[in-house]
Structures are given as C-alpha cells and as structure tokens.
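Q: only geometry, no sequence info:
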C-alpha cells in the first residue's frame, strides 16, 4: 500500500527530474550558442539538485577543461567510481578524463585512461586515434606504429606510407643518437615498404653523405626532389656541396638548370643558379636570369637583393639608390 508520504516523495522526485531535464536542455542550447558562462551556471545548478545526473556532470567537466582543468579532472575522476553505468557512459567519462590529462600535458595518465576504453570496447576508433596522437607527442614511435596498424584494421584498409612514417621517425631517432647503421636500416625499410614516400630518400642521402658516399647521396637527394618537388630546396645546399666536394663542378650549373626546366618558377633554384653564373664571371647572364623572375612578378625580397648584389659592379650609385628604394618599398608592402 502506497502511503501519502510515498506519493509525495514519488511526485517530488518526478517533478525534480522533469525540472532538471528542462534545465539540462537549456544548458545544451547555451552550449550550442557558445554561451559558456550560462551553460556552466545551468549545469552547476543541476548537479547541486540532482547528484545522479551523470550527463550534467560530464558536460560540466568538459566545459571547465579549458579554464579550470584541475576541477574538470576531479569531476570526471569522481564519475569513474560510479557503479552500474551503461558501457557508452563509462566510455564517455574515460574519454573526457583522457582529454583532461592531455590538456595538462600529463600524457602517461591520458594514455592510461584511453587504454581503459579499449578494455571496454576493443575496436573503439576514438581511443585508438587518441592513443596514436599521444604516441606522436611523446615520440614513442614503436607504440605509434602499433596503434596505426590497429587503426587500419578497424577502418578496414592498409596504407604503407602511414606505417612508413613511423619507421622513418624511428630511424631519425637513431640518427640523432649517432647510431648510423640502425638508422640506415630503418630508412631502407621505409623505402622498401613505401617506394613513393620521399622523405626516407632524403635521410638516406644524409647517411650516404656521412659515409662520404657522395654519388649515392646525390642520387637519393634527387629522388627525394622527384617525389617531394615542393620541398626540393631543402637539399639544394647538400647537393651543391656534394658535387663540389667530389670534383663535379660543372654539374652544379646543369643541376640548377634542370630544376628550372622542370619548374621555371622555382625561385630558390633561380637564385642559386644566378650565384653560380656570377661566380663563373657570367654577370650579365646572372642578371638576365634574375630579371626573368622580376618580369614574371615572382620577385621576392631575396630576388631583389640578388639583383642589387649582381648590379654593384655595373650600375651607377644613382641607379643603385633607385633600386634600393624599390626593395625598401617591397619590404613595407610585405609587412602590410
């Protein structure tokens, strides 16, 4: 038999739940409108009245993460000890706690919480992606490679370049520690696994250069340029130095001409070729080359400074002063 007191309690509880649900909807609307202060105030009022409103606690912690991360962590930690929560809710709590620790730079703790998600749901895409990002931040390349493989399995596709990135990074780490042989092995593995991935060729060229195998160094750097044309300038200096050191002086000019034939707007190659021509005593040819870039309106401050340098022995002081004014005007325009 239900007593009057029991009816009153049931009515009170039902009424309170209805009120908090309305308030929660108001809080969600405030979040959609980017009214963070109002959303926090509404969610705070809910959890004071209804300690069982898990979603309100969860969203409150998420909103506090940016400005009060310690409080966000406490809220989300408190939720982890709640019993009999649905699987989806437990995952959301652990996800929030992972992001809290990521925000504070406590990557090991973030990793632990995300791994707890995988114990609940082995193929959770978010957790695997998050753990991969943590591995990249901490430069744990073996772990990153494993997570990348897991992600590919979850998504149902294979991408060797994705995996070769981590093989490369392991090689770079060994190279920084002067373990040349292990680094070389890993760069060759990355090339074998992903022949169209450019960066391993650059690093293998660096290894060749360290070993003074200049022929293979130049070949690998040129392969890197072929596969990563927008990054070609990064090996110009290395190739030029290697050609000079191996007595292949005449090939330097031909190298830059080949680059410009393939990409006439490559300013870096143009500047270097102009410098080579000038050093050979072909000042007029060097100036003519730089003028081509100026006429194409692809001139940068570097191009104009090269023109000034090349003109020092051929122009009058008045002409040089006029050209210097153009450079200063260009500097001002670039700052706007």
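A: Alright, I've got the coordinates. It should be emphasised that the depicted structure is a prediction, and the values quoted were computed from it without experimental measurement.

Q: ok, now how distant is residue 266 from residue 63?
A: Using CB to CB, to the nearest Å, we find residue 266 at a distance of 49 Å from residue 63. Every residue, glycine included, has its C-beta placed from N, CA and C.

Q: List the buried residues for the helix or strand containing residue 70?
A: For residue 70, the host element (DSSP states H and E) is helix 69-80. Buried residues in helix 69-80, counted by 16 or more other CB atoms under 10 Å: 69, 72-73, 75-76, 79.

Q: The spatially closest residue to residue 191 that is not a sequence neighbour in helix, strand or coil?
A: Nearest residue to residue 191 in three dimensions, chain neighbours excluded: residue 200, at 4.8 Å (CB to CB, 6 or more residues apart in numbering). In three-state terms, and counting by DSSP: H, G, I helix; E, B strand; the rest coil, residue 200 is helix.

Q: go on, residue 158?
A: Strictly by three-state DSSP, residue 158 counts as coil.

Q: Please report phi then psi for it.
A: phi -120, psi 140 (degrees, to the nearest 10).

Q: list the contacts for it?
A: Listed by CB atoms under 8 Å, 6 or more residues apart in numbering, the contact set of residue 158 reads residue 152.

Q: Distance check, it against residue 222.
A: For residue 158, the distance to residue 222 - CB to CB - is 29 Å.

Q: now do residue 70
A: 54 Å.

Q: what residues does whichever strand or helix holds residue 294 touch?
A: Using DSSP H and E, residue 294 maps to helix 283-295. For helix 283-295, contacts defined as CB under 8 Å, 6+ apart pick out 267, 270-271, 273-275, 277-278, 299, 303-304, 306-307, 310-311, 313-314.

Q: Next: stretch 80-96.
A: Against stretch 80-96 from outside (CB under 8 Å, 6+ apart): 54, 58, 61-62, 65, 72, 76, 79, 97, 113-114, 116-117, 120-121, 124, 126-127, 130.

Q: For residue 188, give me the pLDDT.
A: For residue 188, the pLDDT comes out at 97.

Q: I should have written residue 292 there, sorry.
A: So residue 292 comes in at 89 (pLDDT).

Q: for residue 326, same thing?
A: Residue 326 is given a pLDDT of 69.

Q: After the helix-or-strand element of the chain with minimal mean pLDDT, heading C-terminal, what element do we hit next?
A: Of all the helices and strands that make up the chain, helix 4-32 has the lowest average by mean pLDDT, DSSP states H and E, namely a mean of 62. Downstream of helix 4-32, the next assigned helix or strand under DSSP H and E is helix 36-49.

Q: and that next one with helix 69-80, angle?
A: Angle of helix 36-49 versus helix 69-80, following axes from the mean of the first three to the mean of the last three CA atoms, to 10 degrees, is 40 degrees.

Q: Run through the helices of the stretch 201-336 of the chain in chain order.
A: Ranges of helices in the stretch 201-336 of the chain, per DSSP state H, counting those that start in this stretch, are 214-227, 236-245, 250-262, 267-279, 283-295, 301-311, 317-335.
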